[in-house]
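Asker: predicted structure and sequence below. I'll ask about it afterward.
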Amino acid sequence: MPADDPASKRPRSQPTMADVAEKAGVSAMTVSRALKKGASISEEARRRILAAVDELGYVLDQTAGTLSSKRSGFVAALIPSINNSNFSDTARGLTEAIEASGLQLLLGYTDYVVEKEERLIASMLQRRPEGIVVTGGRHTERARRLLAAAAIPVIETWDLPAEPIDHVVGFSNAAAMRALVHHLHGRGYRRIGFIGGTSNRDTRGEDRRQGYVQAVEELGLPHGRTISFGQPPISMEQGAEAIVRLVSQWPDIDAAICVSDLSAFGALMECHRRGWAVPGRIAIAGFGDFEVGRCAFPRITTVAVDAEAIGRSAGDLLLRAIEAARRGAAVPPERQVMPFRLIQRESS
């Protein structure tokens, strides 16, 4: 629907228990009983009801009867990890943006597992937040249905999904990694490897891998020099083990790009232990501009993203969307592209 269509500026309608009952061909009371643990109901009716719930993206309202208005007074946010400084900075920026409004933030972390994200989304939506912020643009099909049916502002961050659910505040991880490879190529490196995790559950890490692959193909560099080591997010220790595997498999390697500064730091320390000069023997680069990379010796070349600014921008957009919803209107979907920058340091 075009953004200037008047219908696009009306708030979405959240599915109700009555909608589920109509689709399943039962009464609302039967739906209510089916969604309570231990309630007696035929398996056939339960199956139809649960299928209708899943298809509509319906979430049981656990606040029903306790709120006199539709204002719950809080928003929800999901981040992959609470011990990653980038994501904690995003949460800080989001909190700073909304705190003056009186809204409270309910924070959850997914541990980079989309199935866990789905469970958290379902649980949080039962408390009826006035808006929700999620990390990344790839979710389970059920999570997408739940978010689309929630009838509240949804903001996806740290990514630029091709098919956004609602609003987006992020950047292209693939483009950032592609730029880093081109940068190293411009510095004279020709045999560049990549270190990442063993699974694609870290979708931003997988996008960075794809950006690396795209860049080496564009530049005509040797292909396939990638090491997958450890479940995301890979640690310093895993970065150390991975750099040894990379050099063992391709002894002529002259540069290694790591999926994050943490794994890059581990790789750098392992190079020191083995007497491999950085950048004389091999250059090291990371991603994220973590403090550990700024304090390392040599300091680590990286890609910097203003994580706190992502949080603030998401918070500002969320407030505008919530205020519009309270007036019975809607903010048309926005796509805010955040900048990234390459930081050349002594490690390359």
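Answerer: Yep, that arrived.
Asker: tell me the average confidence for stretch 243-260?
Answerer: When pLDDT is averaged over stretch 243-260, the result is 98.
Asker: and for stretch 282-289?
Answerer: 98.
Asker: what does stretch 184-196 give?
Answerer: Mean predicted confidence for stretch 184-196 is 98.
Asker: just the endpoints, please. Distance across that stretch?
Answerer: Length of stretch 184-196, first residue to last, Cα to Cα, to the nearest Å: 18 Å.
Asker: list the buried ones in that stretch?
Answerer: 184-185, 189, 191-196 (16 or more other Cβ atoms under 10 Å). Placement of C-beta: from N, CA and C, glycine included.
Asker: got it, and stretch 45-61?
Answerer: 45-46, 48-49, 52-53, 56-59, 61.
Asker: list of residues touching it?
Answerer: 15-17, 19-20, 23-26, 30-31, 34-35, 122, 125-126, 128, 142, 145-150 (Cβ atoms under 8 Å, 6 or more residues apart in numbering).
Asker: of the buried residues of stretch 45-61, which belong to helices?
Answerer: Judged by DSSP state H, these include 45-46, 48-49, 52-53, 56 as members of helices.
Asker: any chance of those residues in JSON lines, plus pLDDT and distance to residue 245?
Answerer: Shown next, in JSON lines, are these (pLDDT from 0 to 100; distance: Cβ to Cβ, whole Å):
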{"residue": "45", "pLDDT": "85", "distance to residue 245": "56"}
{"residue": "46", "pLDDT": "85", "distance to residue 245": "51"}
{"residue": "48", "pLDDT": "88", "distance to residue 245": "52"}
{"residue": "49", "pLDDT": "88", "distance to residue 245": "51"}
{"residue": "52", "pLDDT": "87", "distance to residue 245": "50"}
{"residue": "53", "pLDDT": "86", "distance to residue 245": "47"}
{"residue": "56", "pLDDT": "86", "distance to residue 245": "48"}
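Asker: residue 227: which of these is nearest?
Answerer: residue 53 (43.4 Å; Cβ to Cβ).
Asker: any figure for the gap between the closest one and residue 35?
Answerer: In this view, residue 53 and residue 35 are 8 Å apart by Cβ to Cβ, to the nearest Å.
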